[in-house]
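Asker: could you work out the structure for the sequence below:
(2 chains)
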2 protein chains.
Amino acid sequence: MNSGQTLLINLLIIISILISGVIPQSILISGNRKVAKDDVVYCNSWKFSVEANDAGSWKQVPERCLEFVKNYVTGDQYVSDSGLVAYDSLEFAKTVEIRGDGKDVWIFDIDETLLSNLPYYAEHGFGTEIFNDIAFNQWVDSAECPAIPASLKLYNELRRLGFTIILLTGRDEHQRSSTIKNLLIAGYSGYQSLILREPSDHGKIAEVYKSEKRKELENEGYRIHGNSGDQWSDLFGAPTATRSFKLPNPMYYIA
Amino acid sequence: MNSGQTLLINLLIIISILISGVIPQSILISGNRKVAKDDVVYCNSWKFSVEANDAGSWKQVPERCLEFVKNYVTGDQYVSDSGLVAYDSLEFAKTVEIRGDGKDVWIFDIDETLLSNLPYYAEHGFGTEIFNDIAFNQWVDSAECPAIPASLKLYNELRRLGFTIILLTGRDEHQRSSTIKNLLIAGYSGYQSLILREPSDHGKIAEVYKSEKRKELENEGYRIHGNSGDQWSDLFGAPTATRSFKLPNPMYYIA
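Answerer: From the prediction side, this is the model:
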């Protein structure tokens, strides 16, 4: 065998190994009906249970789903999923009659809805680590969250349609200036108000705090047509919006 | 090059081609951020939008997702997903204090919750065809729906824990006898009552009809701890159960 042939064989071996390495386990076993032993199948189920609110309260991404969550939030599927939620939202928004009195509202949550904390979570195990509020608040103060591209596009389309945009976040009032700064850098402007947790809201679970704020808005005559959030606690609770839109988030849970 | 070496090279080439063939398109494009052109990526997003209630009302599975939905509902992932929902349900159920007065209730929907209509949908395009109520009602009357294994196991565990089981279905009162027969054949026994749509419920959307029935149960002193259904209209609307559990169903939507 000459050196050219040896090189060719080695090349083919390397290609074979490389290609086999990227085949997920779920494909290899799909004929065998082995369930939940496989991490991809299990983690897909775990993601379903989280997104459909079946899992209830949870504190950490299971260790075995670290790679799965990492691949999801950094890959095409998250881009596609958040894109389709934005598409669904806009299709509904187009059917809403805007009266022109400035009272037709769309509410957005901020974290994992308008802004992404992925750079932070990439440094903190993609949700597999216990939440560290000191480190996270430092990150928030840095005002470096990028926009979620599909949400930024939706946000601007809604403004163009004439919606009054109200931001309702679980962030604290003392984070107002860094939040405003971050929103501006990420491209979000022209919202009517930014509602943050005041001292009187401390200790309330998000669902209660956000429902109360929606109630106040309705009492002020606002008609809440759409509500976008990555947590069910952004969306549940009376009064609800006419339509609620759940963005994907398999990294953390807020009650 | 001798014949052994040639054979080895050919073998490696064949292996490379075979392995590349089973890599789904979504993996190959993951570096390029091409989204939604690939059917698997798109259909995963479509399934997310349906299960998170973002899609709103929809009439048919998109034609391009026929194979995706077929593979899902007949494969490991559905078994695993419905299994994890049952696991989540049971974990919650174990925390409920059963008072022994027969008033601690778990509500189950029937279709795609306790019983599976997969044999019917396999003959009708897995949801890609427009719903045919005549053909579907004939199927229901045949009483041939198999149990969803994870739900049957959960059902029996809940009975063992002392829950009063109430079945609340969108099926019509005139389908009572075929429904009772089917439940029995599939292994479901010992439920306290089976609530079907009476003539006065006709024309009500499922969410209203089912909320009214839950309200009646509460008025009778029942404490509704858990509620299992494959549609959000099984679960939304006051009064809600303490915990609601959404089973997967990418084949059809009921308002």
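Asker: so, low pLDDT: which residues of chain A?
Answerer: Within chain A, the ranges that satisfy pLDDT under 70 run A:1-37.
Asker: do that again at 90, thanks
Answerer: Applying pLDDT under 90 to chain A picks out residues A:1-38.
Asker: show me what the longest strand along chain A is packed against.
Answerer: Secondary structure of chain A per DSSP state E: the longest strand is strand A:164-172. If contacts are counted by 3 or more Cβ pairs under 8 Å, 6 or more residues apart in numbering or on different chains; DSSP states H and E, strand A:164-172 sits against strand A:104-108, helix A:149-161, helix A:176-186, strand A:193-197, helix A:206-219. Bear in mind the C-beta positions are built from the backbone N, C-alpha and C, glycine included.
Asker: looking at those, which is closest to chain B?
Answerer: helix A:149-161 (9.6 Å; Cβ to the nearest Cβ).
Asker: who's the residue in the stretch 101-250 of chain A that chain B sits nearest to bridged to?
Answerer: Taking Cβ to the nearest Cβ, chain B has its nearest neighbour within the stretch 101-250 of chain A at residue A:246, 4.1 Å off. For residue A:246, the beta-bridge partners are residue A:229 (DSSP bridges).
Asker: mind listing the helices for chain A?
Answerer: Ranges of helices within chain A are A:3-21, A:25-29, A:39-51, A:66-74, A:76-93, A:118-122, A:133-141, A:149-161, A:176-186, A:206-219, A:232-235, based on DSSP state H.
Asker: closest to residue B:242 out of the ones you listed?
Answerer: helix A:206-219 (14.0 Å; Cβ to Cβ).
Asker: wait, does that closest one contact chain B?
Answerer: No: against chain B, helix A:206-219 shows no contacts by Cβ under 8 Å from any Cβ of the partner chain, the least distance being 12.2 Å.
Asker: can you point out the buried residues in that helix?
Answerer: A:206, A:207, A:209, A:210, A:211, A:213, A:214, A:217 (16 or more other Cβ atoms under 10 Å in any protein chain shown).
Asker: and if you look at stretch A:235-252?
Answerer: For stretch A:235-252, by 16+ other Cβ under 10 Å, it's A:235-237, A:241, A:243-252.
Asker: just the ones of these in strands?
Answerer: Those of these lying in strands (DSSP E): A:243, A:244, A:245, A:246.
Asker: which of the residues you listed lies closest to residue A:190?
Answerer: Closest to residue A:190, out of all of those and judged by Cβ to Cβ, is residue A:245, at 19.9 Å.
Asker: would you turn the ones in strands among the buried residues of stretch A:235-252 into TSV with distance to residue A:225?
Answerer: Conversion of these to TSV gives the following (distance: Cβ to Cβ, whole Å):
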residue	distance to residue A:225
A:243	7
A:244	10
A:245	11
A:246	16
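Asker: what sits against residue A:185?
Answerer: Counting by Cβ atoms under 8 Å, 6 or more residues apart in numbering or on different chains, residue A:185 makes contact with residue A:143.
Asker: next one: the one 5 residues further on
Answerer: Contacts here follow Cβ under 8 Å, 6+ apart; on that basis residue A:190 touches A:159, A:165.
Asker: what number of residues lie near the residue lying closest to residue A:240 once chain neighbours are set aside?
Answerer: With sequence-adjacent residues excluded and distances taken as Cβ to Cβ, 6 or more residues apart in numbering or on different chains, residue A:240 is closest to residue A:227, at 7.2 Å. When neighbours are defined as other Cβ atoms under 10 Å in any protein chain shown, residue A:227 has 25 of them.
Asker: one more: residue A:70?
Answerer: Neighbours of residue A:70 (other Cβ under 10 Å): 18.
Asker: you'd agree residue A:217 is up against residue A:225?
Answerer: No: assessed by Cβ atoms under 8 Å, residue A:217 is found out of contact with residue A:225, at 11.6 Å.
Asker: near chain B, which residues of the stretch 51-200 of chain A?
Answerer: A:51-56, A:75-77, A:79-81, A:83-85, A:88-89, A:92.
Asker: repeat that for 7 Å
Answerer: Contact residues, the stretch 51-200 of chain A versus chain B (Cβ under 7 Å from any Cβ of the partner chain): A:51-56, A:75-77, A:79-81, A:83-85, A:88, A:92.
Asker: got the contact list for residue A:213?
Answerer: A:168, A:195 (Cβ atoms under 7 Å, 6 or more residues apart in numbering or on different chains).
Asker: residue A:52 against residue B:54, yeah?
Answerer: No: using Cβ atoms under 7 Å, residue A:52 is not in contact with residue B:54; the gap is 11.8 Å.
Asker: name the nearest residue to residue A:59, sequence neighbours excluded.
Answerer: residue A:130 is the one closest to residue A:59 (Cβ to Cβ, 6+ apart), at 6.6 Å.
Asker: how many other residues sit next to that neighbour?
Answerer: So residue A:130, with other Cβ under 10 Å, has 9 neighbours.
Asker: I'd say it and residue A:61 touch.
Answerer: No: between residue A:130 and residue A:61 there is no contact under Cβ under 7 Å: 10.8 Å.
Asker: quick one, what contacts residue A:119?
Answerer: Residue A:119 neighbours (Cβ under 7 Å, 6+ apart): residue A:144.
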